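In: Next comes the sequence, and after it the predicted model I'd like to discuss.
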Amino acid sequence: MEKSIEVHNLTVSYHSKPVLWDVDFELPKGKIIGIVGPNGSGKTTMLKTVMGLMKPDSGYTEIFGQPLDKVRERVSYVPQRESVDWDFPADVMDVVLMGRYRKNNLFKRITKEDRRIATEALEKVNLLEFADRQISQLSGGQQQRVFIARSLAQQADIYLMDEPFVGVDAATEDAILKLLRDMKNEGKTVVIVHHDLQTANEYFDWIVLLNTRLVAAGPKEQVFTKELLQEAYGGRLTVLSKLGDLISDTEFPLREPDFKEDQPQG
Amino acid sequence: MSPTLAIALTAIFTAISCAVLGAFLVLRKMTMVGDAISHAVLPGIAIAYLLSQSRASLPMFVGAALVGVFATVVIEILSKKWKVQSDASIGMTFTTLFALGVVLITYWSDKVDLDQECVLYGEIAFVPFNTWTLGGKSMGPIALWSSGILLLMVLVYTLVGFKGLLMSSFNEDYAAVLGIGIGAWNLSLMSMVSLATVVSFESVGAILVVALLVAPAATAYLVSSQLKRMIALSALFGLSGSLGGYLLSAALDTSIAGGIATTLGIQFAVALTLVQLRKK
């Protein structure tokens, strides 16, 4: 197996509370990979640590067998849509062009070639006609596609996306899925943080199942089993109830872990 | 050069410099850091004044700008590293430093001819009297020179650093992943703000310099869809506000700094009203 991302003995904490605990896995190249787990299971932290945005307490991560600093330009990051201020005075093209910014061209002007690549990226996400639109006037799905276009304009080999399917319309979801398959066919690797178990099975080739500790990582057929999902999600009924045929209701206690009967009043 | 022209040009140069830098402060939601810096530079000014015995001297600019950067770093460490709430970090840092400045000025009151009135409200009306000479030839008011040089520096900084400033203001994480040092951009911007504050301090004082940093940029933000346009408009509002304020205070024979800040406030109110009316 040719490796894209390697994570070894990774422990990361936030406010001295561990969010990831001794996580260790390797991911293949050229696949669509989902990082899946319940809320607060450390999915985003995992992505941010791989991207060097959070410092691990112990362990290390590598991309294409090298530390991030050596391969930065081959790695592209699609942050959560809510992480930026969409009222920022910029149009769609301004944002997509940021995908062309590099350490070594930061003080140079934007070239014609940069514009051509950015235009191509906008075309791929069906937003070319919106190039001059101010970003605050876009729908949530369009904003998400702008972020993906920016990432495409970077022409990287591996793409790390944080919840790209959250709050998007069906058209955007289809567009993103089609793009992901095209990218895979070009030999690119895509890693996606995703919280929806229902769709995870359909979207991804490979799944990393997290819940602070690593529950499992591997081809989805091996990971998406009743036992492993149960281990990752425990008794969280709200999520599990959606699983339908994977797990039958009767095998789970019908009670949320923090629910108590006979709460004293007042 | 006529005294009136010297005062007006000084006001315009400082206003445009602050307005351009202020655009980035507004976009980064850091206007209160600008406020903090403008107050925190006071001990630097007092110490530099004691050492050089003159206002608007090079050591004073350097000394005060260093204290400004120091304040930024302290705020950053308090909030990021020691998890003090970010607004509390700002409040703690600048009040402490400003108070230290007040203590120093009053302690050295016989040696440092800086009265608190001028620290708070500036003394732009005296700009024409504080001149410098080179080789026996009078070169005109110091404040005019310092504000002109400041404007030049701000414009060069913004032009050269445009992409870096845009990227780090819009999406810090994305810039960091590309290896674009966001710490360096932040620090360089804060250094420029410190410098602008010290230079403007001469003219408009510690309190009103905040108006120059925030008001034109906040007004431009209301009506801009692109960063370049926002910066240009911010500069324009800085220009119109300082010129209008100067004329206002001349007509009413009142404080020039007060007139400028009031005009900036009125500009904002008008823009906000127009924008709200257009929405309906």
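Out: In hand now; what should we look at? Residues are numbered from 1 along each chain as shown, chains lettered A, B, ... in the order given.
In: and the stretch 101-250 of chain A, which residues reach chain B?
Out: Counting by CB under 8 Å from any CB of the partner chain, the positions of the stretch 101-250 of chain A adjacent to chain B are A:101, A:102, A:103, A:106, A:107, A:110, A:134, A:150, A:154. Heads up, the C-betas are built off the backbone N, CA and C, glycines and all.
In: tell me the pLDDT at the first one?
Out: To tie it back to what came earlier, the one meant is residue A:101. The pLDDT attached to residue A:101 in the predicted structure is 94.
In: contacting residues for it?
Out: B:163, B:167, B:175, B:178, B:180 (CB atoms under 8 Å, 6 or more residues apart in numbering or on different chains).
In: Farthest pair within those?
Out: Across these, the longest distance by CB to CB is 11.1 Å; it joins B:163 and B:178.
In: Stretch B:152-171: how far from the chain's middle?
Out: Using CA atoms, centre = their mean, to the nearest Å, the distance from the centre of stretch B:152-171 to the centre of the chain it belongs to is 17 Å.
In: overlap between the contacts of residue A:101 and the residues near chain A?
Out: Filtering the contacts of residue A:101 for proximity to chain A (criterion: CB under 8 Å from any CB) leaves B:163, B:167, B:175, B:178, B:180.
In: Scan chain A for its longest helix.
Out: If each helix of chain A is counted by residues according to DSSP state H, the longest one is helix A:170-185.
In: For it, could you pull out the residues that count as buried?
Out: Of the residues in helix A:170-185, A:172, A:173, A:175, A:176, A:179, A:180, A:183 count as buried by neighbour count, 16 or more other CB atoms under 10 Å in any protein chain shown.
In: quick check, nearest of these to residue B:255?
Out: Of all those, the one sitting nearest residue B:255 is residue A:172; the distance, using CB to CB, is 55.4 Å.
In: For that closest one, which residues are in contact?
Out: With contact set as CB under 8 Å, 6+ apart, residue A:172 has these partners: A:141, A:142, A:144, A:145.
In: Also residue A:222?
Out: Neighbours of residue A:222 in contact, by CB under 8 Å, 6+ apart: residue A:216.
In: Pretty sure it sits in a helix.
Out: Yes - assessed with DSSP: H, G, I helix; E, B strand; the rest coil, residue A:222 lies in a helix.
In: how close does it sit to chain B?
Out: Residue A:222 sits 31 Å away from chain B, taking CB to the nearest CB, to the nearest Å as the criterion.
In: Just the pLDDT for that residue.
Out: At residue A:222, the pLDDT recorded in the model is 92.
In: And it, how far from residue A:228?
Out: In this structure, residue A:222 and residue A:228 are 9 Å apart, going by CB to CB, to the nearest Å.
In: Excluding residues flanking it in the chain, which one is nearest residue B:61?
Out: residue B:198 (5.4 Å; CB to CB, 6 or more residues apart in numbering or on different chains).
In: How far off centre is whichever strand or helix holds that neighbour?
Out: Element membership of residue B:198 [criterion: DSSP states H and E] is helix B:182-222. Helix B:182-222 sits 3 Å away from the centroid of its parent chain (CA atoms, centre = their mean).
In: do the same with stretch B:101-108
Out: Using CA atoms, centre = their mean, the distance between the centre of stretch B:101-108 and that of its chain works out at 22 Å.
In: Which residues of chain B lie near chain A?
Out: Applying CB under 8 Å from any CB, we find that chain B lies next to chain A at B:27, B:83, B:160-161, B:163-164, B:166-167, B:169-171, B:173-180, B:221, B:224-227, B:229-230.
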